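Enquirer: Show me how the following folds:
(3 chains)
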Amino acid sequence: MCRYLASGVAYGQNRSNMHILSADQFSQNELAELFNQVDELRKLDQSGKGRRALAGFHSGEQVCTLFYEPSTRTRLSFEMAAAKLGMGISSTECASLFSSAIKGETIEDTVRVLSEYGYAAIIIRSKEDGAVVRGAAASKVPVINAGDGMGEHPTQSLIDVYTIQRQFGRLNNLRVVMGGDLKHGRTVRSLSRLLAKYPGNHISYVSVPELQIGGDIKAVLKKSKTTFHETSDLYSVLPDTDVVYWTRLQKERLKNPEAHDTAGFVIDDQVLKKLPKKTIILHPLPRVDEIAMEVDQDPRARYFEQAGNGLYIRMALLDRIISQR
Amino acid sequence: MCRYLASGVAYGQNRSNMHILSADQFSQNELAELFNQVDELRKLDQSGKGRRALAGFHSGEQVCTLFYEPSTRTRLSFEMAAAKLGMGISSTECASLFSSAIKGETIEDTVRVLSEYGYAAIIIRSKEDGAVVRGAAASKVPVINAGDGMGEHPTQSLIDVYTIQRQFGRLNNLRVVMGGDLKHGRTVRSLSRLLAKYPGNHISYVSVPELQIGGDIKAVLKKSKTTFHETSDLYSVLPDTDVVYWTRLQKERLKNPEAHDTAGFVIDDQVLKKLPKKTIILHPLPRVDEIAMEVDQDPRARYFEQAGNGLYIRMALLDRIISQR
Amino acid sequence: MCRYLASGVAYGQNRSNMHILSADQFSQNELAELFNQVDELRKLDQSGKGRRALAGFHSGEQVCTLFYEPSTRTRLSFEMAAAKLGMGISSTECASLFSSAIKGETIEDTVRVLSEYGYAAIIIRSKEDGAVVRGAAASKVPVINAGDGMGEHPTQSLIDVYTIQRQFGRLNNLRVVMGGDLKHGRTVRSLSRLLAKYPGNHISYVSVPELQIGGDIKAVLKKSKTTFHETSDLYSVLPDTDVVYWTRLQKERLKNPEAHDTAGFVIDDQVLKKLPKKTIILHPLPRVDEIAMEVDQDPRARYFEQAGNGLYIRMALLDRIISQR
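Expert: Numbering: from 1, shown residues only, chains lettered A, B, ... in the order given. Just a heads-up that it's a prediction; the model follows:
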């Protein structure tokens, strides 16, 4: 059990391992190890005997989901992961409406108090960049970042790379198409950074010019010698791609949504016809209309399977941080 | 375990048994069987040994309550039912505010993803007619309709007929008074349809003319030769009645609530004086002022007992759909 | 198990023991007994064997948290207390938004129905003075008041006196400074009443004149011969004090917050310099800026420890009322 030093004072040597704050905190070896554990947990979950074993892993422990911004899918996936490991759950769906936050309490004080109750872990979602890191610094118990604003959403990023790894058996030498609102998209930015850690990948960014990927990401890719190109022509990149990672236009993040022409950026039957058999189509969800419903039946559509992988990723992360307390 | 075919494609032969979507899906035999199971579950719950047995029925399973519209009573009753059967619960109190729904995700996608997490059942409440049926069609796991708009609320309907059956030992040859806002009332409409399945019942509909029961229900009654009459004089139907099923004026469903004269439609001490000893008074709750508080102490007032029956009905339904997966 | 008489009719001789409605319901002997139990529960919770024993205390039972007003800290603390005693939890975060309350249902009807579901206890938070007492009168199962408006918040009061007792080994002959918005502060009012039960205490009330402690509390103190004085000069009372109990200006309770000069009522490093070593600084939390962050590291700052004590107080209370059903 790590010892708390003082509010606002970072934990010493243990800090980076105690909390899950960023997908970048994992080395390539740690990712490989994590993904092995994910596969083992999945296998256990598929037999009655294994499920009973899992339920004993952290039986008697409690986790808390502290969501300042609602995200039903992410919260429920964490809660199911905790339940499968035998843990109880307390949750707040929308702490920004409901908690002392409206009275002006800092996230540091809230997390400090919750950590006094002895949760095995606190899972935090925030609208504000960096808020989860500040909360973690005040916590006596492990914290998992379930997304903070435009910043990090490490479990989503890990789901994305795990789903690719599981399909192709590798994370290098892949041709990946990323499309949608690349400028504001947290998931495409994180996935780009993770793919840049492995050699031989090529990324095709498909968007309208004003929503193209940011210069900071391009700099990361250049530094790691990951090749990439930008286009607004989806059809030009279809013939030779392993992964299509598609995202929606995050209209709520745009000041002037009508100014952006996003027609022609839809994955539909026409697109499927041009796509190789080996390709998988991923999406962080929720999907609105950027992937047509008709695509769901195609075996290359893997976004629901991808979402399902989130359960095992979160089980592995919870098990990891709770076991090493 | 039923297999998922494709989003929007109905399950084949198993569909009607896999989900609980409408009270009409139960035959008379199935209702009798269900009510026997309800009685058995109640008996088990009343001894310490029985309660421990119940807690082993579905131990290690999880259910999800996905409520787009809040309904604390219904949600908590389902959660208690699941807990008594040994299951864990994850819940959303108001998904229309909190979930991806605000970003434009369909209920099909939401339910499809949740069903990937492996819940034993998903319990859905919606404001929108037919939404739960659409969600169920996309689900890999059993779905229970906990009320959708003006459409179905099967567990409430089953509670109503069970409470009558438990009192009188039969569902035929009964004289039933239904009062309140019959035009908009989901519960009186469902109860009418269920009573029409049994011979010899007579229904007296008590309301102001503009809020009387709909023509579609009258057609069902006529087809089944169930007799009925309409009146606005509550006192005229009191002397010879087995069941008074009273409802509130659902003001939130009316465009112009002030236009409706609802005085004189209150169950109070005056009404009790005219009511036979054998009569039971039911109400789906919440009650506002259409039943006076003074009535609560009368032994004929059974609306709290009726609400309590909901626990065992929901246990029986959960047990049924989870056992037959 | 106490028997329910009728809605609105108080339980007879058992009533005061069945529910936890006010900190005043505990005699000095009962408080001493309760605090011993708190210490025992804490000890059990600190070993693996003890924790497993605790989890068997009320295993198979369920509690319900019915919060009409959100209070994440209090709710989560109760839920953790219930979980540590082996119980399951169903909760509503904001029943005033979500429940039948918006349709006009009384708290009596809501609690009556919930008590039909067989919870081991119902924990209620309300915005309205006296609402929890009314709900308890309609309940078939024990009710705990988790705060009702400006009225009672008995578990917070018990936390406060327990924290003092734990530090000094006594609740008499203490010099206590209470500061902040004393007129509207529920916690300072309750703590004053409790301290008045023990001989030899002296209370220094520090506030602006228009926010000083109410005449009703002064009357209680005079009757019990507890000495006190009022001042607006914090520094004048620092040298000789055992406990500083500081509170925030509850701006949401004031009609005209700007009219009150609250500068100079901050606990900071300057204040710490004048404070004896033996003094402990308490705060009911949330804190905004009335205690500077720099104070957190000082060993006399005990408000986070105080919040942590809430877990064991609530465990003891839950165990008490559930065991004596």
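Enquirer: What residue, apart from its backbone neighbours, is nearest A:Asp268 spatially?
Expert: Distance criterion Cβ to Cβ, 6 or more residues apart in numbering or on different chains; nearest residue to A:Asp268, sequence neighbours excluded, is A:Ala292 at 4.0 Å. Bear in mind the C-beta positions are built from the backbone N, C-alpha and C, glycine included.
Enquirer: which ones are touching that neighbour?
Expert: By Cβ atoms under 8 Å, 6 or more residues apart in numbering or on different chains, the residues touching A:Ala292 are A:Val266, A:Ile267, A:Asp268, A:Asp269.
Enquirer: Could you rerun that using 10 Å?
Expert: A:Val266, A:Ile267, A:Asp268, A:Asp269, A:Gln270, A:Val271, A:Leu272 (Cβ atoms under 10 Å, 6 or more residues apart in numbering or on different chains).
Enquirer: Next, count neighbours for the spatially closest residue to A:Val237 that is not a sequence neighbour.
Expert: Counting by Cβ to Cβ, 6+ apart, A:Val237 lies nearest to A:Ser204, which is 4.2 Å off, once chain neighbours are set aside. If you count neighbours by other Cβ atoms under 10 Å in any protein chain shown, A:Ser204 ends up with 22.
Enquirer: what about the host helix or strand of A:Ser204, average pLDDT?
Expert: Applying DSSP states H and E as the criterion places A:Ser204 in strand A:202-206. For strand A:202-206, mean pLDDT rounds to 97.
Enquirer: try stretch A:280-290
Expert: pLDDT averaged over stretch A:280-290 gives 94.
Enquirer: mind exporting that stretch as PDB, just the C-alpha atoms?
Expert: Taking Å, rounded to 0.1, in the frame of the first residue of the first chain, the C-alpha atoms of stretch A:280-290 are listed here in PDB:
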ATOM      1  CA  ILE A 280     -11.300  -4.200 -39.900                       C
ATOM      2  CA  ILE A 281     -13.500  -1.200 -39.200                       C
ATOM      3  CA  LEU A 282     -13.200   0.300 -35.800                       C
ATOM      4  CA  HIS A 283     -15.100   3.200 -34.100                       C
ATOM      5  CA  PRO A 284     -14.800   4.400 -30.500                       C
ATOM      6  CA  LEU A 285     -18.600   4.900 -30.400                       C
ATOM      7  CA  PRO A 286     -21.200   6.400 -30.100                       C
ATOM      8  CA  ARG A 287     -21.800   6.400 -33.800                       C
ATOM      9  CA  VAL A 288     -24.400   8.800 -35.300                       C
ATOM     10  CA  ASP A 289     -24.600   8.500 -39.000                       C
ATOM     11  CA  GLU A 290     -20.900   8.400 -40.100                       C
END
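Enquirer: Can you list the buried residues in it?
Expert: Of all the residues in stretch A:280-290, those buried under the rule 16 or more other Cβ atoms under 10 Å in any protein chain shown are A:Ile280, A:Ile281, A:Leu282, A:His283, A:Pro284, A:Leu285, A:Pro286, A:Arg287, A:Glu290.
Enquirer: ok, longest helix in chain A?
Expert: Counting by DSSP state H, the longest helix found in chain A is helix A:303-323.
Enquirer: quick one: is that helix near chain C?
Expert: No - judged by Cβ under 10 Å from any Cβ of the partner chain, helix A:303-323 makes no contact with chain C; its nearest approach is 14.3 Å.
Enquirer: Any part of that helix near chain B?
Expert: Yes - judged by Cβ under 10 Å from any Cβ, helix A:303-323 comes into contact with chain B at A:Tyr303, A:Phe304, A:Glu305, A:Gln306, A:Ala307, A:Gly308, A:Asn309, A:Gly310, A:Leu311.
Enquirer: what ranges do the helices span in chain A?
Expert: So, for chain A - with DSSP H - the helices run A:15-18, A:28-45, A:48-54, A:72-84, A:95-98, A:107-116, A:131-137, A:154-168, A:186-195, A:215-223, A:234-237, A:269-274, A:303-323.
Enquirer: I'd like the ones you listed as JSON lines, with distance to A:Arg125 appended.
Expert: Shown next, in JSON lines, are these (distance: least, Cβ to Cβ, whole Å):
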{"stretch": "helix A:15-18", "distance to A:Arg125": "19"}
{"stretch": "helix A:28-45", "distance to A:Arg125": "21"}
{"stretch": "helix A:48-54", "distance to A:Arg125": "25"}
{"stretch": "helix A:72-84", "distance to A:Arg125": "7"}
{"stretch": "helix A:95-98", "distance to A:Arg125": "9"}
{"stretch": "helix A:107-116", "distance to A:Arg125": "11"}
{"stretch": "helix A:131-137", "distance to A:Arg125": "8"}
{"stretch": "helix A:154-168", "distance to A:Arg125": "11"}
{"stretch": "helix A:186-195", "distance to A:Arg125": "12"}
{"stretch": "helix A:215-223", "distance to A:Arg125": "23"}
{"stretch": "helix A:234-237", "distance to A:Arg125": "32"}
{"stretch": "helix A:269-274", "distance to A:Arg125": "33"}
{"stretch": "helix A:303-323", "distance to A:Arg125": "13"}
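Enquirer: could you dump these to CSV with mean neighbour count?
Expert: As requested, those are arranged in CSV below (neighbours: other Cβ atoms under 10 Å in any protein chain shown):
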stretch, mean neighbour count
helix A:15-18, 16
helix A:28-45, 15
helix A:48-54, 13
helix A:72-84, 25
helix A:95-98, 20
helix A:107-116, 24
helix A:131-137, 24
helix A:154-168, 22
helix A:186-195, 23
helix A:215-223, 14
helix A:234-237, 16
helix A:269-274, 13
helix A:303-323, 22
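Enquirer: picking that back up, can you redo the contacts of A:Ala292 as CSV, where the extra columns are pLDDT?
Expert: As requested, the contacts of A:Ala292 are exported to CSV (pLDDT from 0 to 100):
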residue, pLDDT
A:Val266, 92
A:Ile267, 96
A:Asp268, 96
A:Asp269, 96
A:Gln270, 95
A:Val271, 96
A:Leu272, 97
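Enquirer: and of those residues, the nearest to C:Ala82?
Expert: A:Ile267 (47.1 Å; Cβ to Cβ).
Enquirer: how close does the closest one sit to A:Arg248?
Expert: Distance, A:Ile267 to A:Arg248, by Cβ to Cβ, to the nearest Å: 11 Å.
Enquirer: how about the residues of the stretch 1-150 of chain A that lie near chain B?
Expert: A:45-46, A:48, A:51-52, A:54-55, A:65, A:67, A:69-84, A:86-89, A:91, A:93-94, A:97.
Enquirer: let's see 8 Å
Expert: A:45, A:51-52, A:55, A:70-73, A:75-77, A:79-80, A:83-84, A:88-89, A:91, A:93-94 (Cβ under 8 Å from any Cβ of the partner chain).
Enquirer: where do the contact lists of A:Ile267 and A:Arg248 overlap?
Expert: Contacts common to A:Ile267 and A:Arg248, judged by Cβ under 8 Å, 6+ apart, are A:Glu290.
Enquirer: circling back to that earlier point, which other helices and strands does the strand holding A:Ser204 contact?
Expert: Using 3 or more Cβ pairs under 8 Å, 6 or more residues apart in numbering or on different chains; DSSP states H and E, the elements in contact with strand A:202-206 are strand A:175-179, strand A:227-231, helix A:234-237.
Enquirer: Direction included, what does the first one pair against?
Expert: For strand A:175-179, the paired strands and their directions (DSSP bridges) are strand A:202-206 (parallel), strand A:243-246 (parallel).
Enquirer: out of those strands, deepest packed?
Expert: The highest mean neighbour count among these, using mean count of other Cβ atoms under 10 Å in any protein chain shown, belongs to strand A:243-246: a mean of 26.
Enquirer: what's the model's confidence in stretch A:27-37, averaged?
Expert: Taken as a whole, stretch A:27-37 has a mean pLDDT of 96.
Enquirer: now what about that stretch, what contacts it?
Expert: A:26, A:158, A:161-162, A:165-166, A:171, A:197-198, A:313, A:316-317, A:319-320.
Enquirer: 7 Å instead, please
Expert: Contact with stretch A:27-37 is made by A:Phe26, A:Tyr162, A:Gln165, A:Lys197, A:Ala316, as judged by Cβ atoms under 7 Å, 6 or more residues apart in numbering or on different chains.
Enquirer: roughly how far is that stretch from the heart of the chain?
Expert: Distance of stretch A:27-37 from the chain centroid (Cα atoms, centre = their mean, to the nearest Å) equals 16 Å.
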